[in-house]
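**Student:** the sequence and its predicted three-dimensional model are supplied below.
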Amino acid sequence: MSLIPEVKCRRCGERFSSLRSRCPNCGTRRVSQSSRTPSATPSTVNGTASYERAGSNTRWQMIFGLILVVAVILAVIVMVSTSLNGTDVSVRPGKSSAPVPTVEPEMPSAEPVPTPTPTPPPTVEVLQIRYNDDEREEFTMSPGEIVPINAYVSPLTITDKVKWSSDDPDEEYFTITVDPDDGNKINIECLKYSQQGINFYAEIFGKKVACMIHFRQA
């Protein structure tokens with residue numbers, strides 16, 4: 001073991017004797033370390049005024065830091081409670097504290113349902129009152145006589161039935177009985193004699209025809 005300590009070059013890393021002032025490899029000057037011990041400052045010496053002030057400042061810094069931490073925690077609690085309640089607890093000067101009304105989103109309006117176009121009624125080309133398959137505008141009856149009458153409607157695609165009426169609504173002189181199986185057929189029964197003829201009618205889709213009954217004494 002060498003009695004003379006060696007040092008390491010701070011530039012190239014070569015080790016050499018501490019008696020040399022420069023590195024024999026790269027010529028870098030060796031920097032000797034100072035052996036001086038730094039003197040203590042007044043703030044680190046117990047019993048001095050600086051030491052007391054330093055301790056007081058440390059306590060105040062700790063108190064201030066604790067207050068700051070508490071304020072941050074309270075702020076976080078307020079923010080969380082506000083978000084949970086859905087209301088704003090802070091009220092600005094001059095601003096109303098009433099909750100802002102929620103605006104409901106507008107729902108798309110439903111398209112109007114088109115009104116169906118009514119089907120026009122069929123056009124009646126021919127409407128006749130017939131007796132024994134002959135068109136009649138008048139005929140003669142006696143009291144107690146029954147006459148079968150039918151209505152002929154063209155075109156034949158019209159399936160609706162005619163409506164029957166008369167100028168003798170109280171059935172004083174004759175009655176009209178509609179066939180239950182075919183509304184276009186009726187039976188007319190003469191009840192009594194009338195000096196004047198009386199009309200009865202067949203009507204369908206706005207077309208109307210008349211036939212007169214003349215009476216003869218029994």
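**Tutor:** Here it is on my side, so go on. Numbers count the residues shown, from 1 in each chain.
**Student:** all helices of this protein, in order?
**Tutor:** If DSSP state H is used as the criterion, the helices of the chain fall at 49-85.
**Student:** what stretches of it score poorly on pLDDT?
**Tutor:** 1-2, 32-52, 54-55, 86-100 (pLDDT under 70).
**Student:** how is it divided into domains?
**Tutor:** 1-32, 42-73, 126-215 (automatic domain parsing).
**Student:** among these, show me which one is buried the most.
**Tutor:** Among those, domain 126-215 has the highest mean neighbour count (mean count of other Cβ atoms under 10 Å), at a mean of 15. Any C-beta I mention is one placed from the backbone N, CA and C, and that applies to glycine too.
**Student:** quick one: terminal-to-terminal distance for it?
**Tutor:** 28 Å (Cα to Cα, to the nearest Å).
**Student:** centre of the chain to it, how far?
**Tutor:** Centroid separation for domain 126-215 versus its chain: 61 Å, with Cα atoms, centre = their mean, to the nearest Å.
**Student:** just stretch 13-24 next, same as before
**Tutor:** The answer for stretch 13-24 is 90 Å, by Cα atoms, centre = their mean.
**Student:** ok, and what's touching that stretch?
**Tutor:** Stretch 13-24 is contacted from outside by 4-9, 11-12, 25-26, 28-30, using Cβ atoms under 8 Å, 6 or more residues apart in numbering.
**Student:** same thing but at 7 Å, please
**Tutor:** Ile4, Pro5, Glu6, Val7, Lys8, Cys9, Arg11, Cys12, Asn25, Thr28, Arg29, Arg30 (Cβ atoms under 7 Å, 6 or more residues apart in numbering).
**Student:** switch these over to CSV; also include distance to Gln195.
**Tutor:** Output for the contacts of stretch 13-24, formatted as CSV (distance: Cβ to Cβ, whole Å):
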residue, distance to Gln195
Ile4, 172
Pro5, 167
Glu6, 166
Val7, 163
Lys8, 159
Cys9, 160
Arg11, 156
Cys12, 158
Asn25, 163
Thr28, 160
Arg29, 163
Arg30, 164
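**Student:** so which of those residues is the closest to Glu189?
**Tutor:** Using Cβ to Cβ, Arg11 is the member of the contacts of stretch 13-24 that lies nearest Glu189, at 146.3 Å.
**Student:** ok, for that closest one, nearest residue in space, not its chain neighbours?
**Tutor:** Computed as Cβ to Cβ, 6 or more residues apart in numbering, the closest residue to Arg11 that is not its neighbour in sequence is Thr28, at 4.2 Å.
**Student:** contact partners for the one you found?
**Tutor:** Applying Cβ under 7 Å, 6+ apart, the residues near Thr28 are Cys9, Arg10, Arg11, Arg22.
**Student:** quick check on the residue positioned nearest the centre of the chain: phi, psi?
**Tutor:** Centroid-nearest residue in the chain, with Cα atoms, centre = their mean: Met107, separated by 4.2 Å. With angles defined as degrees, to the nearest 10, Met107 sits at phi -80, psi 140.
**Student:** from Ile188, how far out is it?
**Tutor:** Computed as Cβ to Cβ, to the nearest Å, the Met107 to Ile188 distance reads 65 Å.
**Student:** cool, Val7 as well?
**Tutor:** Val7 is 150 Å from Ile188, by Cβ to Cβ.
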